[in-house]
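Colleague: no sequence on this one, just coordinates:
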């Protein structure tokens, strides 16, 4: 955050550049290295995240023969509700400074396009169909990304009309912002648990998930970029686990309070 960027912002007090230590279960998962691909959830089965209980593979990463990677993290979020997370995915994308609150070490820029502008619409409906253009570091690599939010039914979820205080699924296609190329999918499934909520995040990236964005042609130039994304490797996969865990744990620390203040001021 640069001097003066938060001047006059009601949410300035929520800026905290001190990140909490990485959870022990994430440290342990990274220490195990890449996990066997058969343990991983496929995008076709993403909706099973809404089932009760847990899967065999909740934290860590796996590498596939086609060069793709699967990333999984579990984040405990005391005092948080799924509805708060829906609000955050709409609210944070409207200003770069809000995006920086989320992950002070890595988030640089955010710009929003599309989605609904109806302020009376439910929060989850405000970001679905929109695209968040962001610049962020994952490990030491700078990514210029286009995160295109899609309706959860695209990944098989049928409970998006359920009570958002009980569960929600944030689903998106991840691509490059400066090049018409997509290279992965993500899901953050959030459900109520005793004392708050838990977020189960999944990413499928690289390999077979790399494709031209709708309407784009795979030119020689685009193919060169695509080839660089098809094999992400161990280092990038591990960095994604760390990135997701750190940003979601940091968010959980201030989300209940910033949401409550927003609700009171609306």
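Modeller: Received the coordinates, thanks. As the structure is a prediction and not an experimental result, all values here were calculated from the model. Residues are numbered from 1 along each chain as shown.

Colleague: tell me how far the ends of stretch 199-214 are from each other?
Modeller: Between the opening and closing residues of stretch 199-214 lies a distance of 30 Å (CA to CA, to the nearest Å).

Colleague: Quick check: buried residues in it?
Modeller: By neighbour count with 16 or more other CB atoms under 10 Å, stretch 199-214 contains the buried residues 199-207, 209-210, 212. Bear in mind the C-beta positions are built from the backbone N, C-alpha and C, glycine included.

Colleague: and it, average pLDDT?
Modeller: Stretch 199-214 carries an average pLDDT of 96.

Colleague: What of stretch 129-148?
Modeller: Stretch 129-148 shows a mean pLDDT of 96.

Colleague: taking the buried residues of stretch 199-214 one by one, which sit in strands?
Modeller: Secondary structure from DSSP state E places 199-205, 212 of the buried residues of stretch 199-214 in strands.

Colleague: now, among those residues, which is nearest to residue 92?
Modeller: Using CB to CB, residue 199 comes nearest to residue 92 of those, at 14.9 Å.

Colleague: Over to residue 142: give its phi and psi.
Modeller: phi -90, psi 120 (degrees, to the nearest 10).

Colleague: how about CSV for the ones in strands among the buried residues of stretch 199-214, with distance to residue 48 added?
Modeller: Converted to CSV, those look like this (distance: CB to CB, whole Å):
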residue, distance to residue 48
199, 16
200, 10
201, 14
202, 10
203, 16
204, 14
205, 20
212, 29
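
Colleague: Residue 201 pairs with what?
Modeller: Taking DSSP bridges as the rule, residue 201 bridges to residue 73, residue 188.

Colleague: contacting residues around it?
Modeller: Residues in contact with residue 201 (CB atoms under 8 Å, 6 or more residues apart in numbering) are 71-75, 186-189, 244, 248.

Colleague: Mind checking which of these are buried?
Modeller: When neighbours are counted using 16+ other CB under 10 Å, the contacts of residue 201 contain these buried positions: 71-75, 186-189, 244, 248.

Colleague: Can you show me the strands along the stretch 101-250 of the chain?
Modeller: Ranges of strands in the stretch 101-250 of the chain, per DSSP state E, counting those that start in this stretch, are 107-114, 130-138, 141-150, 167-176, 181-193, 196-205, 211-212.

Colleague: Can you report how many residues lie near residue 78?
Modeller: 13 (other CB atoms under 10 Å).

Colleague: isn't it right up against residue 193?
Modeller: No - under the criterion of CB atoms under 8 Å, residue 78 makes no contact with residue 193, lying 9.5 Å away.

Colleague: Output the below-cut-off pLDDT ranges for the stretch 101-250 of the chain.
Modeller: 117, 159-162 (pLDDT under 70).

Colleague: go again using 90 as the cut-off
Modeller: Applying pLDDT under 90 to the stretch 101-250 of the chain flags residues 114-122, 124-125, 158-165, 214-221, 232.

Colleague: And the strands of the stretch 101-250 of the chain: which comes nearest residue 83?
Modeller: When these are compared by CB to CB, strand 167-176 sits nearest residue 83, at 7.2 Å.

Colleague: what's the spacing between the closest one and its chain's center?
Modeller: 7 Å (CA atoms, centre = their mean, to the nearest Å).

Colleague: what's the angle between that strand and strand 130-138?
Modeller: Put simply, strand 167-176 runs at 70 degrees to strand 130-138, going by axes from the mean of the first three to the mean of the last three CA atoms, to 10 degrees.
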